[in-house]
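> Need a 3D model of the sequence below.
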Amino acid sequence: MRRRLIRIALILLFFPPLAAAVAGWLVGPAFLHPIRRELTLDLIHEADVSFAVTGSTREDFDVRAPDGVLLRGWKVRAKNPNGSWVLLFHGVADNRIGVIGQSEFLLRAGYSVVMMDARAHGASGGTIATYGWLERNDTRAIIDDLVRSEVGRYADEQLRSGKWILVPAEDSDLQKPVHPPVPLPGAPLHIFALGESMGAGIALQSAAADPRIEAVVAEASFANLREGTYDYAGLRKSPWLGKTLFAPFTWTLLYRDEKLAGFPVAEVSPQKAVAARAFPVLLICDEKDVALPCRHTEMIYGAARGPKQLWVVPGAFHTAAYGFFPEEFRRRVLAFFAENSSRAH
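Residues are numbered from 1 along each chain as shown. Alright, predicted model coming up:
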């Protein structure tokens, strides 16, 4: 009887960690290959209705990432543009339509927006999602093309209006170097970013990698990949369960993903990003969030070196701040961007 009890106790002690390790190994590939939400004609119509309400105009915006992946999205120009642009980043297993609500009030306020499908999401190419490791380079390419296209658009307008004229090369003094003004005419006056969940993490890591992003609004970001998987391992009930009894789930999942994808999971960290570069952040966490609880945002807030604000949204679930308190959300975001728009370029 005693041996039987010991055997049962050992099974109860070792089976959960072993099962967790196996589950982490099996789930690993799905973590890299999130469900792809297709950009359907109905979703595009939904977006166009929203843009029509604000009097905005959209154009297709395709960007080639540094590794050759084709990223697809839209540039949406405000009816009365203030010269600043906001890059919008959606969450995992979503597409650009996921941030249509945020785009609407930004466009009304004069901010033009860039809405892209992240790699391995929506209509964009790419076989895996890396939660910021490759996406931060994607953002740099997006900004490059945004600046290039806006400068080109401005030049075309000046030429058509007759304000600029083309001077043949033989008539110009080739000995005198041309020093264009900085920023170039037509370039975005300010570039900001706003993201939710995975998109928030990408926005923060992108801002650390590219100083052209002047300020970031991030709702429900993960602090780092390891910390995020603790919540999933803990069945979204207790991260301590994920850090103890079910910790092997995290270990095997991250180990397998690192081997499959070839990127260092420890470096995928919004928390490290805000410590690496001191840029202004408005961090939003949802009080009832069980997917990425407020401790993630609080960890990021504690590490941030730049001007920082923290808003804990009462009663809100994951990425639901705008749905719960739309007027307060708009007020805080617009005030944050206005404050950072007043800074010297």
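> Go ahead and confirm Ala261 touches Ile128.
Yes - with contact defined as CB atoms under 8 Å, Ala261 reaches Ile128; the gap is 5.5 Å. For the C-beta atoms, the positions are set from N, CA and C on the backbone; glycine is no exception.
> Quick check: neighbours shared by these two?
Leu32 (CB atoms under 8 Å, 6 or more residues apart in numbering).
> Any idea what Gln309 is bridged to?
Leu282 (DSSP bridges).
> do the same with the one 4 residues further on
According to DSSP bridges, the residues that bridge with Val313 are Asp286.
> what's the spacing between it and Val333?
Distance, Val313 to Val333, by CB to CB, to the nearest Å: 13 Å.
> Kindly report the same for Pro211.
Distance, Pro211 to Val333, by CB to CB: 21 Å.
> who has more neighbours, these two?
More crowded of Pro211 and Val333, by other CB atoms under 10 Å: Val333, with 25 against 10.
> what are the ranges of the helices in this protein?
For the chain, applying DSSP state H gives helices covering 2-32, 41-54, 100-108, 135-161, 198-209, 225-233, 239-243, 247-261, 270-276, 294-303, 321-324, 326-341.
> Pick the most buried one from those helices.
Counting by mean count of other CB atoms under 10 Å, helix 198-209 has the highest mean neighbour count of the helices of the chain, with a mean of 28.
> Provide the contact partners of it at residue level.
87-92, 99, 118, 129, 131-133, 135-137, 139-140, 193-195, 213, 215-222, 268-270, 272-274, 276-277, 279, 281, 300.
> What would it look like as PDB? C-alpha coordinates only.
C-alpha atoms of helix 198-209 as PDB (Å, rounded to 0.1, in the frame of the first residue of the first chain):
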ATOM      1  CA  MET A 198       1.900  41.800 -30.500                       C
ATOM      2  CA  GLY A 199       1.800  45.000 -32.500                       C
ATOM      3  CA  ALA A 200       2.600  47.000 -29.400                       C
ATOM      4  CA  GLY A 201       5.700  44.900 -28.800                       C
ATOM      5  CA  ILE A 202       6.700  45.300 -32.400                       C
ATOM      6  CA  ALA A 203       6.200  49.100 -32.200                       C
ATOM      7  CA  LEU A 204       8.400  49.400 -29.100                       C
ATOM      8  CA  GLN A 205      11.100  47.300 -30.600                       C
ATOM      9  CA  SER A 206      10.900  49.200 -33.900                       C
ATOM     10  CA  ALA A 207      11.300  52.500 -32.100                       C
ATOM     11  CA  ALA A 208      14.400  51.300 -30.400                       C
ATOM     12  CA  ALA A 209      15.900  50.300 -33.800                       C
END
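> same question for that helix, mean pLDDT?
In this model, helix 198-209 has a mean pLDDT of 98.
> pLDDT weak spots in the stretch 201-345 of the chain?
Counting by pLDDT under 70, the stretch 201-345 of the chain contains low-confidence residues at 234-235, 238, 240, 343-345.
> Trp164 against Gln158, yeah?
Yes - counting by CB under 8 Å, Trp164 does reach Gln158; the two are 4.0 Å apart.
> Spatially central residue for the chain, please.
Closest residue to the average C-alpha location of the chain: Gly199 at 2.6 Å, with CA atoms, centre = their mean.
> Look up the closest residue to it, ignoring the ones flanking it.
Closest residue to Gly199 apart from its sequence neighbours, by CB to CB, 6 or more residues apart in numbering: Phe89 at 3.0 Å.
> neighbours around Glu59, how many?
Neighbours of Glu59 (other CB under 10 Å): 10.
> Identify the bridge partners of it.
Note on Glu59: beta-bridge partners Lys75, judged by DSSP bridges.
> residues in contact with it?
So Glu59 contacts 74-77 (CB under 8 Å, 6+ apart).
> most neighbours, which of the residues you listed?
In terms of neighbours by other CB under 10 Å, the contacts of Glu59 top out with Val76 at 28 neighbours.
> Do you know the pLDDT at that residue?
Value for Val76, per-residue pLDDT: 98.
> How about it, nearest residue that isn't a chain neighbour?
Counting by CB to CB, 6+ apart, Val76 lies nearest to Arg58, which is 4.5 Å off, once chain neighbours are set aside.
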